[in-house]
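A.B. asks: dropping the sequence and predicted coords here.
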2 protein chains.
Amino acid sequence: MAKTTMSDVARQAGVDVSTVSRALNERTAGMLRSETVEKVLAAAADLGYQPNVLARGLRTQRSHTVGMVLPDLTNPFFPPIVRGLEDALEVGGYTLIVANTDNDARRERRALHSLVGRQVDGLVVATSHIDGDEGAAAVGGLPVVLVNRRGTDPTIPAVVPDDDAGVALAVRHLLDLGHRRIGHVAGPADTSTGRTRAEAFARITGDAGVHDPSWVEAAHIFGVEDGMAACERLLERHPDLTAICAANDLLAIGSLRALRAAGRRVPGDVSLVGFNDMPLVDLIDPPLTTVRIPQYEMGRQAGELLLQLLEQPRPRRQRKPVAVTPELVVRQSTSAPA
Amino acid sequence: MAKTTMSDVARQAGVDVSTVSRALNERTAGMLRSETVEKVLAAAADLGYQPNVLARGLRTQRSHTVGMVLPDLTNPFFPPIVRGLEDALEVGGYTLIVANTDNDARRERRALHSLVGRQVDGLVVATSHIDGDEGAAAVGGLPVVLVNRRGTDPTIPAVVPDDDAGVALAVRHLLDLGHRRIGHVAGPADTSTGRTRAEAFARITGDAGVHDPSWVEAAHIFGVEDGMAACERLLERHPDLTAICAANDLLAIGSLRALRAAGRRVPGDVSLVGFNDMPLVDLIDPPLTTVRIPQYEMGRQAGELLLQLLEQPRPRRQRKPVAVTPELVVRQSTSAPA
DNA sequence: CTGAAAGCGCTTACAG
DNA sequence: CTGAAAGCGCTTACAG
């Protein structure tokens, strides 16, 4: 049951391995007589030959593998991105290897290192702790695309949600309902999404003449526990708030818990808007009003960008982040203030 | 910025590449003078040398890569399994490549094929359509372990939830609450979990003298839509039921929708128990009573089993599936019948 | 149109 | 203790 190799096929077809290689490669099959090609194909099929991708990669200096670093696959936000990415990469014949970093800078560095050791041809980075530049350095000039975050290096392409538009959707919805005392449970200040959304919130509420920065309270990480704590702090400072806009759904869920623990009903006493529209948030109690980010689409676009970089490595140039358009999903966690 | 190779290190250290190889490998470093080893280590560190895992794999005939096929990463049941698996495999220096099959037999076959082409050293199979035997054949005798399902070939190790115990927990809970007219929204009959749980349900309710097989209605796939349809059929046949035990949480959520659509309150009119305790089911309305499967733990154990097979390929032998112990999580979707 | 040779970056018997 | 050689399974100039 030893694995069939190209020389097995060559022997069976009565040709040289180089001929087998040519016959099996679409681009080079044309230089062979069609009978030869058929002979080889038949032998290959007969033996159930499966090319050794590693050996090919060693020779061609391309592993046809792409690495992705993300904080945690267990966060339901990421799997759709991964699927979109895979689907896009598949058309170029690339396989994805995913590494979890648990928001730990050291693990992140290790993961990057290990992926480079596995000879990935490119990288997709969805983590927040390693800066684009530093990452690029660690990575030895490999093509990189960022997803769901912006880097500081403008030559590194990024695919991000249009956070400004998303926050505007959420805040506008609350304003339209009649809310004026609106708090923001923000994401970590060391993440680009956290910062961008907080800034958008401040700007939009400021423009609407609503209030000051004390209405923003940042969590340390994008998690339920942290959202709960941040919401508690916000409630302490502004017990009279009537609405909360959270920087993602996990923070919203944490806020929901904090509100419940404080005896506030949602949306009776406080309206709540999330961000992302994760799977299952339509099933929580109450079904969460949120801003939907097209995750699969973000992954797909990131994959296509990377594919471009992989196939035609052009000189780096400035590029604006690709912003995918969010959409407000009104469910039952928001209503007019009492 | 070309990648540093072993011969770069050799040149810098003034030794042969074979010496570099020996110095960098713990097992062989002992045959070298410690000064030599240090010289090499210094050169490697200096150049930021990163071994080429592909080249090593080609030579040693081990890619140190493991493939996993699962239906859909987007199903929150799987990510914790993946993480457990990765954590277990990491200690052996293995990297995991995950392939989604969307419950499609053709995609499944293709994925398996592609993973074998990538020279994976072993496989973890969490899909249901390809039988263990067939899979093993497709895979050319590679070590395989099944997770969350049983195969028909008893020499292939499997890690599964203890479904009998889990269903017993669920049914016992409903019986204890006083329910007697209990339906089962079963999983697909062509999956081992679907079948096993349905059989357990029938046996346990039978033993309790409760009722007959007409109280079981199977979905075609483990999904919300299908659960809804199956529950509707069940309601039609048994409009007087007071409790439903679903074969997984997605089916439970579908059942919840069907019950709502039929004007039944949960748990007021009908109690509902899920299976798995997926992330976020504690947040749905009402918080779902369910049977918790230790997913991470299943993944971890599968990883350890595979590691054993990988490190010491013994002759195949019969083995009982490893059954991980479930746990009842009582929340608010169950109560005594009206 | 096809074969023989070299080489991708490693590891590992084989010498010395 | 270390070097030189062969070879893992491919691809691709180079001949012919």
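C.D. replies: Cool, the structure landed. Values in this document were obtained by computation on a predicted structure and should not be read as measured data.

A.B. asks: just checking, A:A55 touches B:L58?
C.D. replies: Yes. In terms of CB atoms under 8 Å, A:A55 counts as a neighbour of B:L58; the distance is 5.4 Å. All C-beta spots, glycine's among them, are computed from the backbone N, C-alpha and C.

A.B. asks: all strands of the stretch 151-300 of chain A, in order?
C.D. replies: A:158-161, A:182-186, A:216-218, A:243-246, A:271-276, A:289-292 (DSSP state E, counting those that start in this stretch).

A.B. asks: and the fifth one, how far out from the chain's middle?
C.D. replies: Going by CA atoms, centre = their mean, to the nearest Å, the spacing between the C-alpha centre of strand A:271-276 and its chain's C-alpha centre is 20 Å.

A.B. asks: same question, the third one
C.D. replies: Strand A:216-218 has its average C-alpha position 24 Å from the chain's average C-alpha position, going by CA atoms, centre = their mean.

A.B. asks: what residues does the stretch 201-338 of chain A put near chain B?
C.D. replies: Taking CB under 8 Å from any CB of the partner chain as the test, the list of the stretch 201-338 of chain A residues beside chain B reads A:253, A:256, A:278-281, A:283-287.

A.B. asks: and which of these is nearest to chain B?
C.D. replies: Nearest to chain B among these: A:D285, at 3.1 Å, using CB to the nearest CB.

A.B. asks: phi and psi next, for A:V98.
C.D. replies: Dihedral pair for A:V98: phi -100, psi 130, per degrees, to the nearest 10.

A.B. asks: ok, it touching A:L70?
C.D. replies: Yes. Using CB under 8 Å, A:V98 is in contact with A:L70, at 6.6 Å.

A.B. asks: tell me where the stretch 201-338 of chain A has helices.
C.D. replies: A:224-237, A:249-261, A:295-311 (DSSP state H, counting those that start in this stretch).

A.B. asks: nearest spatial neighbour of A:A88, chain-adjacent residues omitted?
C.D. replies: A:G303 (2.6 Å; CB to CB, 6 or more residues apart in numbering or on different chains).

A.B. asks: phi, psi of the residue in the stretch 101-250 of chain A that DNA strand D sits nearest to?
C.D. replies: In the stretch 101-250 of chain A, the residue that lies nearest DNA strand D is A:Q119 (12.6 Å; CB to the nearest atom of the strand). Torsion angles at A:Q119 (phi, psi; degrees, to the nearest 10) stand at phi 60, psi 30.

A.B. asks: give me the pLDDT value at the residue nearest to A:G194 when sequence neighbours are not counted.
C.D. replies: Nearest residue to A:G194, sequence neighbours excluded (CB to CB, 6+ apart): A:G187, at 2.8 Å. We have a pLDDT of 96 for A:G187.

A.B. asks: and the one 5 residues further on, by the same measure?
C.D. replies: Note on A:S192: pLDDT of 81.

A.B. asks: ok, A:T289 - contacts?
C.D. replies: A:173, A:271-274, A:328-334 (CB atoms under 8 Å, 6 or more residues apart in numbering or on different chains).

A.B. asks: give me that answer again for 6 Å
C.D. replies: A:273, A:330-331, A:333-334 (CB atoms under 6 Å, 6 or more residues apart in numbering or on different chains).

A.B. asks: closest to DNA strand C among the residues you listed?
C.D. replies: A:V273 (51.4 Å).

A.B. asks: how near is that closest one to A:E90?
C.D. replies: From A:V273 across to A:E90, the span is 35 Å (CB to CB, to the nearest Å).

A.B. asks: between these two, which one's more packed in?
C.D. replies: A:V273 (30 against 14; other CB atoms under 10 Å in any protein chain shown).

A.B. asks: isn't that one right up against A:C245?
C.D. replies: Yes. At 4.9 Å, A:V273 and A:C245 qualify as touching, with contact defined as CB atoms under 6 Å.

A.B. asks: what is in contact with these two at once?
C.D. replies: With CB under 6 Å, 6+ apart as the test, A:V273 and A:C245 both reach A:A170.

A.B. asks: hang on, the earlier thing: next, give phi and psi for the residue nearest to A:G194.
C.D. replies: Main-chain dihedrals, A:G187, degrees, to the nearest 10: phi -80, psi 170.

A.B. asks: what's the local residue count around it?
C.D. replies: By other CB under 10 Å, 29 other residues sit near A:G187.

A.B. asks: which SSE is immediately downstream of the helix-or-strand element of chain A with minimal mean pLDDT?
C.D. replies: Using mean pLDDT, DSSP states H and E, helix A:132-138 stands out as the lowest-scoring helix or strand of chain A, at a mean of 55. Downstream of helix A:132-138, the next assigned helix or strand under DSSP states H and E is strand A:144-147.

A.B. asks: list the neighbouring strands of that following strand plus their orientation.
C.D. replies: strand A:122-125 (parallel), strand A:158-161 (parallel) (DSSP bridges).

A.B. asks: who touches the first one?
C.D. replies: Same thing as strand A:122-125. A:66-69, A:135, A:139, A:142-147, A:302, A:306, A:310.

A.B. asks: relative to A:T19, which of those residues is nearest.
C.D. replies: A:L310 (28.9 Å; CB to CB).

A.B. asks: residues near the closest residue to the closest one other than its chain neighbours, how many?
C.D. replies: The shortest distance from A:L310 to any non-neighbouring residue, by CB to CB, 6+ apart, is to A:G122 (5.3 Å). Residues near A:G122, counting by other CB under 10 Å, number 24.

A.B. asks: now A:G122: how far from chain B?
C.D. replies: Relative to chain B, A:G122 is positioned 14 Å away (CB to the nearest CB, to the nearest Å).

A.B. asks: do you know the pLDDT at that residue?
C.D. replies: Looking at A:G122, the pLDDT reads 93.

A.B. asks: now check the strand or helix carrying A:A111, is it near DNA strand C?
C.D. replies: Assessed by DSSP H and E, A:A111 sits inside helix A:105-117. No. Figure legend: helix A:105-117 not in contact with DNA strand C (CB under 7 Å from any atom of the strand); closest approach 8.9 Å.

A.B. asks: and stretch A:165-183, what's buried?
C.D. replies: Neighbour counts over stretch A:165-183 (16 or more other CB atoms under 10 Å in any protein chain shown) mark A:165-171, A:173-175, A:177, A:179, A:181-183 as buried.

A.B. asks: what sits up against it?
C.D. replies: For stretch A:165-183, the external contacting residues (CB under 6 Å, 6+ apart) are A:197, A:200-201, A:204, A:208, A:210, A:215, A:234, A:238, A:240-245, A:273, A:291, A:326, A:328, A:336-337.
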